[in-house]
Structure formats: structure tokens, C-alpha cells
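[1] need a structure here:
(one chain, ligands or ions: 1)
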Amino acid sequence: MSIDCRTRRHIDRRELGRDEVFDRWLPDAVRDNGPLAARGLRYKQLPPLSLVVEDRTVSLRDDGDTLTLSDGPLDDGAIARLDAPSLSDLVQDWTTTMGLAMNSRVKMTQGGFNDWVGWEPVFRALFDGRPVHEAGAISFQAADGSDLDLTRSFELDDDPEEVGHFLEEAGFLHVRNVFSDAEMAAVSTDLDAALERARADDGASWWAGDSTGKQHPVRVLFFHEQSEALMSLLMDERIQWLSRLTGDDLSGKKMGAEGLIKPLDIQTGLSDLPWHKDCGQGGHSYLCNGLTIGISVTGADRTSGALGVVPGSHRANVQTAGKDESLDMAARKLETATGDLTVHCSDTLHRAHRPVERTRKVVYTGFRQALLPGDAVQQVPLAKQRADRARLTNVQDRIASAGADAGESEFVALEDETR
Ligand SMILES: [Fe+2]
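    Predicted structure coming up:
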């Protein structure tokens, strides 16, 4: 049993020059995976794409059998302008089309933002040999070969083999009755205090606006540092067992946590996140699957909003932000009670439904895969990691600068645990 689908090591990643990508990486990828990528492009009915890097342009189009690579722009395609480091990151899956847009690293000069984001699974087919998802490709089986009941939830005393199998197949879990009301009340009190202390420029919180324009703190980054009650729960066996569930070594990350409140009537900012994958900014082939764990500090239901998941989407190569129209599996809403856990794989498509009658609180934490043998990561200073995380609060403005109009702003994404 495993949810580890990594195919790359950090240590092998390097900065590629533009011409190295255009003259070697792209031709090699077209030779190896051109037919697979072309099939995905046809399935998704996307236009050809031109990549402009400084004074050179190459184009990719479907010739009916495989992808064709040519010099110069095409009249009938989408055109994306990016710099050489961005191209290097894209072809090595260190960033995605969405990740580039979120960081103002790409500009659409022809065609739509949807075309650019839609090309993401085609790029993964081209560079990673991962087939683009087609309707009907994914089924769900219980360990005994019968159909898996996707409405199922679990408790701590359920058979770990069965729980692990469900996670591997479905990409998510709902575990009931994990923490007591008293334990959640203590965390809730600490979260209220942390929200009270939060300031818009503190570099440790995300903010969102309501219909009157008032800004609210909606997420306390590094919340575990402000709550002893939470810290003891993070180390508790009632969470730690999840790191051993699939047989993978999910000890690759120190436990940290973010505390969220979901106020009513939020209109701007990152509060009720739309459909996304946590690897949606990039790094899937280096990191997936990790696990994100939501602790229901208050219950989540149809009036207070809840986590939505698309079962099986962690096995589907689809666009990583927004709900891909080719994704045929039905979404589920995980309605929880106080003290329940939700668990999802980093490649599982999920969203936060809006609260309509009352607010809710949730804490997110998670596990990451231990490094592959021989791998090593370049240490990013903690201060930079924190600053990068905090600056996501105004990511909508940067996506708009990539060429997305207001109607496409639902692509805003990612409370990712992947960096
Ligand atoms: Fe997420």
C-alpha cells in the first residue's frame, strides 16, 4: 500500500537555459511522449500553444498523431510570455502553469488564461509521461474487490489496513470522534486570541474582505507556536497514526499548523478556497503524496461550510486549479462534528464551501514524504519560507496580472503544504 508517486529527486533539478529547453528538452519530450500529450490536448480541446522567452518563440500543436514543435508563433494558438528560469521550472515540474501565474511569472499575450491553466496536464503528459485523465478511467475497489463505499467514514478503532486502503483508493478520509469537545474548546480559545493579535502587515496571517470592504484575519500562520493546547494534540497518537497508515515514510516534515476561521460574507481574499490541489503550484513529482489533516475545531456542515473533495482525483492528471470539466467523478462534501479529522492527499482536488449561517474554525496540519534515497533539499531560510507563505494573501492581484479576467478569478488557489 502506498500513496507515494514521486518520479523526481530535488537533487537532480538544475537551472536550464532557454535554448537547452527549446533545442533538447522539448524535442526529446515530443519524441518520447508526443502522442500521449497530443491525445490529451485533443481530449481537452485546447488550442496550440506558443512559448515566448526573450527574443525566441517555439510552438506546440497537435498534428493528429503527435505534438509538433516548430519555431515562431502560431496565428491560431495561445501565446504565453515567460522568462528562462520560469521555463526551466515548468519543464522540470518545479512549478505549474498556475504556479507561474500566481507569482507573476507569465503573461498571456494571445488566448485566454483558461488555455494556459488547461495546458497543465498536457505538459505533465509531455514531460512526465502521465496520461491526461479521461472520463471513466478511474474506478474504486474495496480490498475484497467489491465497489468501495465512498460515503464511508472511520473511527480510531477501525482496522488501519482498511482505512489505509480507502485512503489509497479515494484520496481522502473522514475520521470521527478523534478529539473531545474540551480539547477543541481549548484550541478554539487560543485561536480567538491569535486572531485578536493578528495584524494585516504581521507577515503571519492571511486576510479577506467582506461585502462592506472590511478586512478580517482568516488564517493564522504558524498557529502551533501560539497554542500549547494544539502542540500537545499534534504529537498525540490520535494524529500520528496517520503517518504510518499507507506504509510510506511520512516523517519528512516537522508538525506545524495553521489556524483558520471562516467568517460569513467573504467576497475577496483567500478564505473559501475554490477547487485546487495542494501540489497545484508545482512539485507534484517531487513531493506527492503528502497528507493534509484538518482538525474540526468546530463542526463543519451545510450551514457553516465544509471541505469538499473529489474522490479519486489524486489519481487523475487534471488541471490543478478549478474543477476540470473532464473530471467525471462526483464530489463529496465532508460534514464533520467538533473533534473530527479530515485527511486528504496533496494531489486530491478539494475546496472549502462557503459558510452561509454560522462561522467555523479548523486547524490544518500535515505530513510529508521523507526524502527519497540519495536526495537532498537546498535549505531555504526559515524567514524566507515564512515570508513566501504570508505573501500568498494577495495572490489574486498577481493572477489578474497574468491575464485572467474577473470571471476567471475562481482559479485562485492553494493552501498548499507542499513547499
Ligand atoms: Fe488545499
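
[2] so residue 153 makes contact with residue 176?
    Yes: using C-beta atoms under 8 Å, residue 153 is in contact with residue 176, at 5.4 Å. Quick note: C-beta positions are derived from backbone N, CA and C, even for glycine.

[3] phi, psi of the most centrally placed residue in the chain?
    What sits nearest the mean C-alpha location of the chain, by C-alpha atoms, centre = their mean, is residue 278, with 1.7 Å. Residue 278 adopts backbone torsions of phi -70, psi -20, taken as degrees, to the nearest 10.

[4] And the one 4 residues further on, by the same measure?
    Recorded main-chain torsions at residue 282 are phi 140, psi 170, according to degrees, to the nearest 10.

[5] so what's it up against?
    Residues near residue 282 by C-beta atoms under 8 Å, 6 or more residues apart in numbering: 89, 93, 94, 95, 96, 99, 418.

[6] what does residue 124 give?
    Residues in contact with residue 124, defined by C-beta under 8 Å, 6+ apart, are 93, 130, 132, 284, 317.

[7] Farthest pair within those residues?
    Spatial extent of the contacts of residue 124 (C-beta to C-beta) is set by the pair 93 and 132 at 14.9 Å.

[8] pretty sure the residue nearest to the centre of the chain contacts residue 290?
    Yes: using C-beta under 8 Å, residue 278 makes contact with residue 290 at a distance of 7.5 Å.

[9] Compute the distance between the residue nearest to the centre of the chain and the ion, please.
    Per C-beta to the ion, to the nearest Å, residue 278 is found 5 Å from the ion.

[10] okay, residue 93 and residue 132: which has more neighbours?
    Legend: neighbour count by other C-beta atoms under 10 Å for residue 93 and residue 132, higher for residue 132 (27 against 23).

[11] Would you mind measuring from that one to residue 335?
    Per C-beta to C-beta, to the nearest Å, residue 132 is found 32 Å from residue 335.

[12] rewinding a little: just the contacts of residue 282 now: which is nearest the ion?
    residue 418 (9.4 Å; C-beta to the ion).

[13] State the pLDDT value of the closest one.
    pLDDT, residue 418: 27.

[14] going forward can the numbers begin at 14, since that is how I track them
    Sure, I'll start counting at 14 from here, so that last one is residue 431.

[15] Go ahead and name everything in contact with the longest helix along the chain.
    Counting by DSSP state H, the longest helix found in the chain is helix 39-57. Contact partners of helix 39-57, identified using C-beta under 8 Å, 6+ apart, comprise 71, 73, 75-82, 104, 131-132, 134-136, 138-142, 144-145, 147, 330, 339.

[16] go again using 6 Å as the cut-off
    75, 79, 80, 82, 131, 135, 138, 139, 140, 142, 145, 147 (C-beta atoms under 6 Å, 6 or more residues apart in numbering).

[17] hmm, back to that, farthest-apart pair in the contacts of residue 295, please.
    Using C-beta to C-beta, the contacts of residue 295 span at most 14.0 Å, a distance reached by 102 and 431.

[18] Over to residue 304: give its phi and psi.
    Residue 304 adopts backbone torsions of phi -120, psi 140, taken as degrees, to the nearest 10.

[19] Measure how buried it is and give me the count.
    Here the number of neighbours of residue 304 (other C-beta under 10 Å) works out to 27.

[20] these two touch, right, it and residue 380?
    Yes: the pair residue 304 / residue 380 is scored as a contact, 4.7 Å apart, by C-beta atoms under 6 Å.

[21] what's the neighbour count on the residue nearest to residue 92 when sequence neighbours are not counted?
    Leaving aside its chain neighbours, residue 92 sits nearest to residue 123 (3.9 Å; criterion: C-beta to C-beta, 6 or more residues apart in numbering). Residue 123 has 19 neighbours, counted by other C-beta under 10 Å.

[22] Could I get the pLDDT score of residue 123?
    Predicted confidence (pLDDT) for residue 123: 94.

[23] same question, the one 4 residues further on
    We have a pLDDT of 90 for residue 127.

[24] three-state assignment of it?
    helix (DSSP: H, G, I helix; E, B strand; the rest coil).

[25] helix/strand/coil for the closest residue to residue 183 other than its chain neighbours?
    Leaving aside its sequence neighbours, residue 183 sits nearest to residue 324 (C-beta to C-beta, 6+ apart; 4.5 Å). Under three-state DSSP, residue 324 falls in the coil class.

[26] before we move on, could you check phi and psi at residue 324?
    Backbone geometry at residue 324, expressed as degrees, to the nearest 10, gives phi -50, psi 140.

[27] quick one, what contacts it?
    163, 183, 342.

[28] Apply 10 Å and report the result again.
    151, 153, 161, 163-164, 179, 182-185, 342-345, 361-362 (C-beta atoms under 10 Å, 6 or more residues apart in numbering).

[29] what residues do residue 102 and residue 431 have in common as contacts?
    Common neighbours of residue 102 and residue 431 (C-beta under 10 Å, 6+ apart) are 295, 296.

[30] Could you list the low-pLDDT ranges of the stretch 164-313 of the chain?
    In the predicted model of the stretch 164-313 of the chain, residues 266-267 satisfy pLDDT under 70.

[31] Spell out which parts of it neighbour the ion.
    Within the stretch 164-313 of the chain, the positions lying close to the ion (C-beta under 5 Å from the ion) are residue 291.

[32] care to break the chain down by domain?
    Listed domain ranges for the chain are 23-141, 167-424 (source: automatic domain parsing).

[33] In TSV: those, plus distance to residue 14.
    Converted to TSV, those look like this (distance: least, C-beta to C-beta, whole Å):
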stretch	distance to residue 14
domain 23-141	23
domain 167-424	5
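
[34] Residue 15 is nearest to which of these?
    domain 167-424 (5.4 Å).

[35] still on that earlier bit, for the contacts of residue 324, which single residue is the most surrounded?
    When neighbours are counted by other C-beta under 10 Å, residue 362 leads those with 31 neighbours.

[36] So that residue sits against residue 337, correct?
    Yes: using C-beta atoms under 10 Å, residue 362 is in contact with residue 337, at 8.0 Å.

[37] Between those two, which contacts overlap?
    288, 323, 326, 329, 331.

[38] which residues touch stretch 160-169?
    So stretch 160-169 is contacted by 152-155, 171, 173, 175-176, 178-180, 182-183, 185-191, 250-251, 254, 322, 324-325, 342-343, 345, 347-349, 353-356 (C-beta under 10 Å, 6+ apart).

[39] Perfect, I'm done here.
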